[in-house]
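**Q** I'll drop the sequence and a predicted model, then ask my questions.
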Amino acid sequence: MTAKTIENNRDVDAARWEVRDFLAELDLRTFLFSDDYRVIALKGVLLSLMMLALAGTFGLTFRAELTFPDIQLFGARPYMNLMTLHGMLMVFGFLIPFVISLCYYVMPRVLGTEKLEWPALAHASWWLLVVAAVLLIIGRPDFTWTFYAPMSLRVGGPLVWMGYLAIALVAISEFLAGLVLLKSAVKWSGSLRDWPLMGWGMMTQGIMLLFSTPALALVGLILLTDWLQLTAVFDPSRGGSTTTFLWLFWFYGHPAVYLPLVPAISLVYTLLPRFLARPLWSKISAIVAFITLLVLSFGVFHHHFQPAVNVHTWVQRFFQIMTLLIFIPSTLHVFNWVASLFEGPIPDEGRRAVPFKFLMGSIFFIILGGVVGYINAQIAINTEFIHNTYWIPGHFHAMFLGFCAQVGMAAVYYLYPYWTGRMYNQRLANLHFWLWQVGIFGQVMTMYALGYAFFPRWVVDYLPIPIWSTLQFWLTASVVLVGLGFLVMAWNLLRSYRHGEVVQGDPWTIRPAAAPQPQPVPAPGE
Amino acid sequence: MYEALGLGTERAVLIGIMLALGVAGIAALFAGLFWSRKFRLPYSAEVAFVALLVGLLIYGDTTSTRTYRAYEALFPQEGDMGVGDEPPPGTFAKEVRVLAFQWGFIFFDGDKALRNVVQVPPGERVLFQLGASDVIHGFNVPAASITAELEPGETYYLWLRAPDKPGRYLIQCLNYCGLGHAQMKAWLVVAEEGEEAGDEEA
């Protein structure tokens, strides 16, 4: 690659800011009301990290109950409250807003537009999320994050309506974020050829959000009116239909699982070239993969409740084929990243940088979580040990925590000097990295093993079958490492704000590694 | 379904393909990171890779569909299970109707209605006709490697080959169905008719 291609390539070099203590310039008023894209993004990142802390605590608490068979700590209701809040706050409060907010920060700079379009909508989206989180925590629903009707209409206390309302508010919040992302992404005035991958990714994300979230808003509102006995859309005992629920919810729910994925993929495309100091292997391959993922993502949702008797077998086969096909665009992204590593030397400064390590960890986990998609998609084997056993949490914790959250962490470490003017502590950041790799690997593998041993999802208690209790113990031990990693990160980011090394100049100026020189052949007799 | 049809090898091949893809992917990532030799992959490499994937996906789809159809072919046709109809002879050693409710299973076995227990002969094919009375439930028999998801108001069929070894085998709900979900279990008692089942648990 010549120097010229790098200069003109916004994909490689644009994601850099002035290094200064940006946080010190924010008073409360600016923080809450400024339309600066960086402030809106920071607000989102902070809220989602708080949600991560909260949802992670809930997760560790209910996990403690499962360490040994029998009930030790609490009964089914508190357990399900904690599990529901863990799932809902992680997906709606942490994962999706976390990576979207990081893209709010990165995209305007990479596109060179320096602003988010329709910032008022971004503010509204943030506030709606705050309200939804408060409603969820006060309402304490116990219907899991997939709230299958009519179960979700028959559980919970008198405040359970807050849960339904929160679902609708989350949908509106995500819809508004979709408008902001799509409008800001297409604001690009240059040629389509030069449009950075961050733009392609955010266009994909925006369209996905706009088409899928209305279904979730409908589900939330219908649950509310069904619960108020005004309607009976989802309740079969009053003439409703669970099939309607499943189709409507999963029409949101399957694109929804790509909502954290697509921004995370876009962030990899933006950050990886900074550490390699060269463009990635292929831009066109990435564009094709984004578009294919977008198109296919709306035609796979039925695999969440297959096989069903109330559809024709050809409908089932259609969804099976679509689900198998979506394996391809996801794999093309990974292929592109790995091919980029092969393409040239990795600069030493890049290799040692903590964000780069997190990117490599996340690629490891997208492979570990992604390959099981090959058998998950197939109806015949799905009905053996996969459907609703711990296999599925294994799959989505690898993808959500191992990939999406870790890419987000890479971006947080990457952006930290631009936010504070200081560098995080390298040793603590490396400790966080290794705690997470070991912890998440242990978590995912024990979950797969439990799934293969038919451990059911959503149980507060289980039979004292030796293989189950052994694996559950190691699962809890692994998750404790993940929790410790989070504490190390929080301590590091807070402490480094005062005590971190002050950064002079751009912290990520990584010189391209010299091309390997042919070794001189030693002359004979030397 | 592979288990019920005795197609363990085909299932092993599918799991093997998955493992091979995973190992190859992770090996490629580590090679890209640590192998000092550098080269630019041609686009044809990606085309070949996608072609390989398409082949594997076609294999997965056809295997799954063939197995699914073979499994479904044994389901009773319209009217077979109706009142007074004789089931097709020789296909199943036993046919049981099951109603899942919050929280348990009722097994209608001939003129008996049993809660959370059903007896089946060892090594024989058994047909279950399933329904749910209130919310969405699941019906999973780990020992026979088979699962169904039950929406209220629908009728489902599921058949399995009972384990050869007499004993008590777990049946569990796999769909969150309310606070009693964790207790929603039943026992598949494998024993000859008229014999008491052993105490061992599987």
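**A** That came in fine, so what should we check first?
**Q** can you tell me how far the residue sitting nearest the centre point of chain B is from A:I386?
**A** For chain B, the residue sitting closest to the mean C-alpha position, by C-alpha atoms, centre = their mean, is B:I146 at 1.8 Å. Using C-beta to C-beta, to the nearest Å, B:I146 is found at 12 Å from A:I386. From N, CA and C alone the C-beta is placed, and that goes for glycine too.
**Q** and for A:P307?
**A** 12 Å.
**Q** which one's more surrounded, the two?
**A** Counted by other C-beta atoms under 10 Å in any protein chain shown, A:P307 and A:I386 do not tie: A:P307 has more neighbours, with 24 against 19.
**Q** with adjacent residues omitted, what lies nearest to that one?
**A** Take A:P307 and drop its neighbours on the chain: the residue closest to it by C-beta to C-beta, 6 or more residues apart in numbering or on different chains is A:I379, 5.2 Å away.
**Q** can you give me the neighbour number for the one you found?
**A** 24.
**Q** check A:Y452 too.
**A** 18.
**Q** report pLDDT for the spatially closest residue to it that is not a sequence neighbour.
**A** Leaving aside its sequence neighbours, A:Y452 sits nearest to A:F385 (C-beta to C-beta, 6+ apart; 5.6 Å). With respect to pLDDT, A:F385 scores 94.
**Q** same thing with A:L73?
**A** On the pLDDT scale, A:L73 gets 89.
**Q** how many neighbours does whichever residue of chain B sits closest to chain A have?
**A** Residue nearest to chain A within chain B (C-beta to the nearest C-beta): B:G32, separated by 3.0 Å. Number of residues near B:G32 (other C-beta under 10 Å) recorded here: 19.
**Q** surely it and A:V334 touch.
**A** No: contact between B:G32 and A:V334 fails when scored by C-beta atoms under 8 Å: they sit 10.9 Å apart.
**Q** all the helices of chain B, residue numbers only.
**A** B:2-5, B:8-34, B:43-73 (DSSP state H).
**Q** now the stretch 101-250 of chain A
**A** A:119-139, A:161-185, A:197-227, A:242-258 (DSSP state H, counting those that start in this stretch).
**Q** residues in contact with the first one?
**A** Residues outside helix A:119-139 that contact it (C-beta atoms under 8 Å, 6 or more residues apart in numbering or on different chains) are A:33, A:35, A:37, A:40, A:43-44, A:47, A:51, A:54, A:85, A:88-89, A:92-93, A:97, A:104, A:116, A:156, A:159-163, A:165-167, A:169-170, A:172-174, A:176-177, A:179-180.
**Q** restricted to buried residues, select the residues you listed in ChimeraX.
**A** Buried residues within those, by 16 or more other C-beta atoms under 10 Å in any protein chain shown, are selected in ChimeraX with:
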select /A:37,40,43,44,47,51,54,85,88,89,92,93,97,104,116,156,160,161,162,163,165,166,167,169,170,172,173,174,176,177,179,180
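**Q** check the contacts of helix A:119-139 against chain B, which are close?
**A** Contacts with chain B within the contacts of helix A:119-139, counted by C-beta under 8 Å from any C-beta of the partner chain: none were found.
**Q** in chain A, what residue comes closest to chain B?
**A** For chain A, C-beta to the nearest C-beta, closest residue to chain B: A:L341, 3.0 Å.
**Q** could you verify my assumption that that residue touches B:W35?
**A** No: applying C-beta under 8 Å, one finds A:L341 not in contact with B:W35, separated by 9.1 Å.
**Q** and those two? Which one has more around it.
**A** A:L341 (24 against 11).
**Q** measure how buried B:A12 is and give me the count.
**A** Close neighbours of B:A12, defined as other C-beta under 10 Å, add up to 11.
**Q** now do it, the pLDDT please.
**A** 95.
**Q** ok, of the helices of chain B, where does mean pLDDT dip lowest?
**A** Minimum mean pLDDT among these: helix B:2-5, a mean of 90.
**Q** that helix packs against which elements?
**A** helix B:8-34, helix B:43-73, strand B:156-161 (3 or more C-beta pairs under 8 Å, 6 or more residues apart in numbering or on different chains; DSSP states H and E).
**Q** partner strands of the last one, parallel or antiparallel?
**A** Here the strand partners of strand B:156-161, with direction, are listed using DSSP bridges: strand B:125-132 (antiparallel).
**Q** show residues contacting the partner strand.
**A** B:4, B:74, B:76, B:81, B:87, B:91-101, B:120, B:139, B:148, B:150-162.
**Q** show me just the buried residues among the residues you listed.
**A** B:4, B:76, B:81, B:92-101, B:120, B:139, B:148, B:150-152, B:154, B:156-162.
**Q** quick one: contacts for residue 149?
**A** With no chain named, the answer covers chain A. Going by C-beta under 8 Å, 6+ apart, A:A149 touches A:223, A:226, A:234-235, A:240, A:242, A:245.
**Q** that's the wrong chain, I wanted chain B
**A** A:305, A:308, A:387-388, B:136-138, B:174-175.
**Q** strands - which of those land there?
**A** B:137-138 (DSSP state E).
**Q** which one of the contacts of B:E149 sits closest to A:L324?
**A** When these are compared for distance to A:L324 (C-beta to C-beta), A:H387 wins out at 16.3 Å.
**Q** beta-bridge partners for the nearest residue in space to the closest one that is not next to it in sequence, please?
**A** Of all residues beyond its chain neighbours, the one nearest A:H387 is B:T147 (5.0 Å), with distances taken as C-beta to C-beta, 6+ apart. Beta bridges link B:T147 to B:N140, judged by DSSP bridges.
**Q** residues near B:T147, how many?
**A** Neighbour number of B:T147 under other C-beta under 10 Å is 26.
**Q** domain assignment for chain B?
**A** Here the domain parsing of chain B from automatic domain parsing is B:2-73, B:94-190.
**Q** which of these sits most buried?
**A** domain B:94-190 (a mean of 20; mean count of other C-beta atoms under 10 Å in any protein chain shown).
**Q** from the chain's centroid, how far away is that domain?
**A** Centroid separation for domain B:94-190 versus its chain: 12 Å, with C-alpha atoms, centre = their mean, to the nearest Å.
**Q** tell me how far the nearest residue to A:P347 once chain neighbours are set aside lies from A:R351.
**A** Nearest-residue entry for A:P347: A:A513, 4.2 Å, with adjacent residues in sequence omitted and distances by C-beta to C-beta, 6+ apart. Distance, A:A513 to A:R351, by C-beta to C-beta: 9 Å.
**Q** cool, and A:F251?
**A** Applying C-beta to C-beta, the value for A:F251 to A:R351 is 43 Å.
**Q** so the two - more neighbours on which side?
**A** Per other C-beta under 10 Å, whichever of A:F251 and A:R351 has more neighbours is A:F251, with 20 against 17.
**Q** pLDDT wise, what is the residue nearest to A:H387 at?
**A** 94.
**Q** ok, now B:Q119?
**A** 95.
**Q** wait, isn't it in contact with B:G110?
**A** No: the pair B:Q119 / B:G110 is not scored as a contact, 10.7 Å apart, by C-beta under 8 Å.
**Q** re earlier: who's in contact with the residue nearest to A:P307?
**A** Contact analysis of A:I379 by C-beta under 8 Å, 6+ apart lists A:306-307, A:316, A:320, B:64-65, B:68.
**Q** residues contacting A:F455?
**A** A:389-390, A:462, A:468, A:471-472.
**Q** give me the neighbour count for the closest residue to it other than its chain neighbours.
**A** Nearest residue to A:F455, sequence neighbours excluded (C-beta to C-beta, 6+ apart): A:Y390, at 4.5 Å. Neighbourhood size, A:Y390 [other C-beta under 10 Å]: 26.
**Q** can I take it that the residue nearest to A:Y452 is in a helix?
**A** Yes: under DSSP: H, G, I helix; E, B strand; the rest coil, A:F385 sits within a helix.
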